[in-house]
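In: Sharing a model prediction with you, sequence too.
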Amino acid sequence: MPVSRRKSALHLAALGCALAFPALTATPAAAQAAGAWPTRPVKLIVPYAAGGFADTRARRIAEKMGQALGQPVVIDNRGGAGGVSGTDVIAKATDGHTFGFASPGPMVTNAMLMKKLPYDAQRELQPIILIEEAPLILVSSPTQPFKTVAELIAAAKAKPNTLTFGSSGVGGAHHLSGELLAYQTKTDLVHVPYKGGALAATDLMGGHLAFMFEMGYSALPAIQGNKIRALAVSSRHRLKVLPNVPTLDEAGISKFESYNWLGMVAPASTPMPIVKRLNAAVNAALKDADVRTMIESSGGEIVGGTPEEFGKFLAEERAKWAPVIRNANISID
């Protein structure tokens, strides 16, 4: 048989095999994108220890997602290094069934605070959905004379480098919110980091700190018990649980927004049909009454939406925090 005819025959034979056994020739990603996904339980990495803010949200949402996907959704806690260790596991996953939760540090600010990360959030991870924006509450010690944001700023400008604010540690949402306040108001504030937000809150109630930014779930009981004073919230709208407390924008700090948000991300190689199916499952979970109550009762705001909207949000976060971190010369290496 001439060489050209032999090549043609071999080509036709190979094509015939491919048509006869499509499952053997299709890649796993292509098969998943075609509608077979998920073929086994879905794993969601939580880059923090069990029992915390992200973990409690994740477990309730995972339960509802499993109902929509037709497969169990299993939570895998991978705490360590401020969320970096677990996020690296998400970025490196290749099994097509491992995804995870995202928060400001691992997805945005750690790249500005650390000299080196084991992953590139912008290249190795893709957005699925922004689940929740958890605003912080600007609270002061009852021992302080100021009762409004304007009075706080006036006190800071009258005596630079004397007004102290606490945080759960360097580079976290509590800390960066305080630095954003200093940056936007051109004041010199004194940051006092603690090994956890509860320790800082205790010192605030005891009058050892002037103010701090606290998460709603931890601040609300103390506010309701008149142990601390709520001056403003860091969201664009007032909170349902604190309707009489103004936003920082309303209090005179133009366009001030800061959130300890929670989202979901996938490895960059994940086919878009899978990303969209996960997005739909989470959007459905966010309509559940129990999920909504869990988030809103602690001062959180439900978001939802598309992967593209979450991607835009991440870009806006990077643009907002970069100058704040540079101005305060913050590093956690």
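Out: Now that the structure is in, tell me what you want to look at.
In: from here on, contacts and neighbour counts on C-alpha atoms
Out: Will do.
In: What is the three-state secondary structure of the nearest residue to Ile302 once chain neighbours are set aside?
Out: Nearest residue to Ile302 in three dimensions, chain neighbours excluded: Glu132, at 4.7 Å (C-alpha to C-alpha, 6 or more residues apart in numbering). At Glu132 the chain is in strand, as set by DSSP: H, G, I helix; E, B strand; the rest coil.
In: Is Glu132 in contact with Glu301, as I believe?
Out: Yes - here Glu132 reaches Glu301: they are 5.6 Å apart, a contact under C-alpha atoms under 8 Å.
In: overlap in contacts of these two?
Out: Common contacts of Glu132 and Glu301 (C-alpha atoms under 8 Å, 6 or more residues apart in numbering): Ile295.
In: So for stretch 175-195, mean pLDDT?
Out: If you average the pLDDT over stretch 175-195, you get 97.
In: got it, and stretch 96-109?
Out: For stretch 96-109, mean pLDDT rounds to 97.
In: got the end-to-end distance for that stretch?
Out: Stretch 96-109 has its terminal residues 27 Å apart, counting by C-alpha to C-alpha, to the nearest Å.
In: go on, stretch 181-199?
Out: End to end - C-alpha to C-alpha - stretch 181-199 spans 22 Å.
In: got the buried residues for it?
Out: Leu181, Ala182, Tyr183, Thr187, Asp188, Leu189, Val190, His191, Val192, Pro193, Tyr194, Gly197 (16 or more other C-alpha atoms under 10 Å).
In: Sitting in helices, which of those do you find?
Out: Among these, the residues falling in helices (DSSP state H) are Leu181, Ala182, Tyr183, Gly197.
In: Max pairwise distance over those: which two?
Out: Within those, Tyr183 and Gly197 form the most distant pair, 22.0 Å apart (C-alpha to C-alpha).
In: Could I get the full set of helices for the stretch 101-250 of the chain?
Out: Secondary structure of the stretch 101-250 of the chain (DSSP state H, counting those that start in this stretch): helices at 104, 110-113, 121-124, 149-158, 173-185, 197-205, 216-224.
In: and the third one, which residues are buried?
Out: Of the residues in helix 121-124, those buried under the neighbour-count criterion (16+ other C-alpha under 10 Å) are Ala121.
In: roughly how far out does it sit from the chain middle?
Out: Its chain's C-alpha centre and that of helix 121-124 lie 15 Å apart, by C-alpha atoms, centre = their mean, to the nearest Å.
In: Tell me which residues are up against it.
Out: Applying C-alpha under 8 Å, 6+ apart, the contact partners of helix 121-124 are Ala91, Lys92, Pro106, Met107, Val108, Pro267, Ala268, Ser269.
In: per-residue pLDDT, Ala33?
Out: We have a pLDDT of 52 for Ala33.
In: now the one 10 residues further on
Out: Reading off the confidence values, Lys43 has pLDDT 98.
In: Just to check, it is in contact with Gln71?
Out: No - using C-alpha under 8 Å, Lys43 is not in contact with Gln71, being 10.3 Å away.
In: Between these two, point out the one with more neighbours.
Out: The residue with more neighbours, out of Lys43 and Gln71, is Lys43; 18 against 15, by other C-alpha atoms under 10 Å.
In: Export the one helix or strand the more buried one maps to to PDB, keeping only CA atoms.
Out: Using DSSP states H and E, Lys43 sits within strand 42-46. Taking Å, rounded to 0.1, in the frame of the first residue of the first chain, the C-alpha atoms of strand 42-46 are listed here in PDB:
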ATOM      1  CA  VAL A  42     -17.700  18.300  46.100                       C
ATOM      2  CA  LYS A  43     -15.100  19.500  48.500                       C
ATOM      3  CA  LEU A  44     -15.100  23.100  49.700                       C
ATOM      4  CA  ILE A  45     -11.900  24.300  51.400                       C
ATOM      5  CA  VAL A  46     -12.300  26.700  54.300                       C
END
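In: Which other helices and strands does it contact?
Out: If you count contacts as 3 or more C-alpha pairs under 8 Å, 6 or more residues apart in numbering; DSSP states H and E, strand 42-46 packs onto helix 53-69, strand 73-77, helix 84-92, strand 98-102.
In: what's the single longest helix in the protein?
Out: With DSSP H setting the assignment, residue counts place helix 307-328 as the longest helix in the chain.
In: Tell me which residues of it come out buried.
Out: By neighbour count on 16+ other C-alpha under 10 Å, the buried set for helix 307-328 is Pro307, Phe310, Gly311, Leu314, Glu317, Arg318, Trp321, Val324, Ile325.
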